[in-house]
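Participant: based on what follows, work out the 3D shape:
(4 chains)
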There are 2 protein chains.
Amino acid sequence: MIRQTKPREIIIKTIERAEGPVAVEEIHARAAGELPGLGIATVYRTLKLLLAQERIAVVEFPGEPPHYEPAGRGHHHHFRCLSCNRWMEMGERGCIVPWLDGSILPGGYLVEGHRISLYGRCPNCADEVAPPG
Amino acid sequence: MIRQTKPREIIIKTIERAEGPVAVEEIHARAAGELPGLGIATVYRTLKLLLAQERIAVVEFPGEPPHYEPAGRGHHHHFRCLSCNRWMEMGERGCIVPWLDGSILPGGYLVEGHRISLYGRCPNCADEVAPPG
DNA sequence: CTGATAATGATACTACGTTATCTGTTGGCG
DNA sequence: CGCCAACAGATAACGTAGTATCATTATCAG
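Facilitator: Take a look at the predicted model:
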């Protein structure tokens, strides 16, 4: 029987509230802010449980440890702010190339899926450099 | 003084001949085909050297170990064949979104760079399923 | 050809992300 | 409430990619 506990509650809330996919260490740090003493093993155990329940999904980025985001958010891409170093989710509307999957590229490459990662400045950090107006 | 040796010669040729970025184990396996007994440490050492000389570049893919490709090939993207499981280079002409960098996305995200990975069937493997004609 | 030494292969070691183990705690049914 | 399996935190152990070490081999200037 699976119990509802405070650590679990806080860990899943942390992932749901996040601006995008978060790594284990980040989840631990943020959740520990609400529950001091939270152990890293509990974070790993809870992630495993939530994955098995398909409440969260893994997202891998080049050269980085696995990140986690809530499951069921449909097709979307990610944006990494080079100032605050956070991954953010770009909504389904944000897909740059909705026509891509299913097309055949010059040379005969049949595209069945794609992953796009954008790098730049998020609205917050861009404002700091060049304020609007 | 840096010497020219058979292992080094074979390792760099392996990378240059490859159809796309290759991982350490793959480099080792292919090079050992030409030079039996080649040690994995030599592959790591040589990669380090070639990187320092900027003759090769690292390419990271989500959830995979680092891959290596010859340096100086300009802006391009990669295609992973889901049949033969190889990463292939899509030439500069193959960039799906040449206008992307520098643009500002809805919401105020300033794009400074992008990484696109395509997944599907390469011409060879697609032919096996659905021959032309 | 020869010697100095860079490079090699084998392998022990390190670093680090993740998992298993242990002991004390706690949620929730009876 | 009281029990007890599920769960928690602490930490040792693990797997693996990459590095350091070392005795041996090979390159190449003289």
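
Participant: A:Y44 and chain B, how far apart?
Facilitator: The gap separating A:Y44 from chain B is 17 Å, by CB to the nearest CB, to the nearest Å. Any C-beta I mention is one placed from the backbone N, CA and C, and that applies to glycine too.

Participant: over to A:I15?
Facilitator: A:I15 is 19 Å from chain B, by CB to the nearest CB.

Participant: distance check, A:E26 against DNA strand C.
Facilitator: Separation of A:E26 from DNA strand C (CB to the nearest atom of the strand, to the nearest Å): 11 Å.

Participant: does that residue sit in a helix, a strand or a coil?
Facilitator: The local conformation at A:E26, judged by DSSP: H, G, I helix; E, B strand; the rest coil, is helix.

Participant: touching stretch A:1-16 from outside, list them.
Facilitator: Defining contact as CB atoms under 8 Å, 6 or more residues apart in numbering or on different chains, one finds that stretch A:1-16 is touched by A:22, A:27, A:30-31, A:34-35, A:38, A:42-43, A:46-47, A:49-50, A:55-56, A:68-70.

Participant: and the buried ones among the residues you listed, selectable in PyMOL?
Facilitator: Buried members of the contacts of stretch A:1-16 can be picked out in PyMOL with the line below, counting by 16 or more other CB atoms under 10 Å in any protein chain shown:
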select buried, chain A and resi 22+27+30+31+38+42+43+46+47+50+56+68+69+70
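
Participant: I figured A:H76 was touching A:M88, is that so?
Facilitator: No - the pair A:H76 / A:M88 is not scored as a contact, 10.3 Å apart, by CB atoms under 8 Å.

Participant: these two: which has the busier surroundings?
Facilitator: In this view A:H76 and A:M88 are compared by other CB atoms under 10 Å in any protein chain shown, and A:M88 has more residues nearby, 19 against 15.

Participant: next up, phi/psi of that one, please.
Facilitator: Recorded main-chain torsions at A:M88 are phi -120, psi 150, according to degrees, to the nearest 10.

Participant: that one and A:H114, how far apart?
Facilitator: 19 Å (CB to CB, to the nearest Å).

Participant: so what touches stretch A:28-44?
Facilitator: Identification of contacts with stretch A:28-44 by CB under 8 Å, 6+ apart yields A:K6, A:P7, A:I10, A:I11, A:T14, A:A18, A:V22, A:V24, A:I27.

Participant: top of those by neighbour count?
Facilitator: A:I11 (27 neighbours).

Participant: can I get the helix or strand that contains it in PDB, CA atoms only?
Facilitator: A:I11 is part of helix A:6-17, with elements assigned from DSSP states H and E. These are the backbone C-alpha positions of helix A:6-17, laid out as PDB (Å, rounded to 0.1, in the frame of the first residue of the first chain):
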ATOM      1  CA  LYS A   6       5.100  14.900   3.400                       C
ATOM      2  CA  PRO A   7       8.400  14.300   1.500                       C
ATOM      3  CA  ARG A   8       6.400  12.800  -1.500                       C
ATOM      4  CA  GLU A   9       3.900  15.600  -1.500                       C
ATOM      5  CA  ILE A  10       6.600  18.300  -1.500                       C
ATOM      6  CA  ILE A  11       8.700  16.600  -4.200                       C
ATOM      7  CA  ILE A  12       5.900  16.300  -6.700                       C
ATOM      8  CA  LYS A  13       4.700  19.800  -6.000                       C
ATOM      9  CA  THR A  14       8.300  21.000  -6.600                       C
ATOM     10  CA  ILE A  15       8.300  19.300 -10.000                       C
ATOM     11  CA  GLU A  16       4.800  20.600 -10.900                       C
ATOM     12  CA  ARG A  17       5.600  24.200  -9.900                       C
END
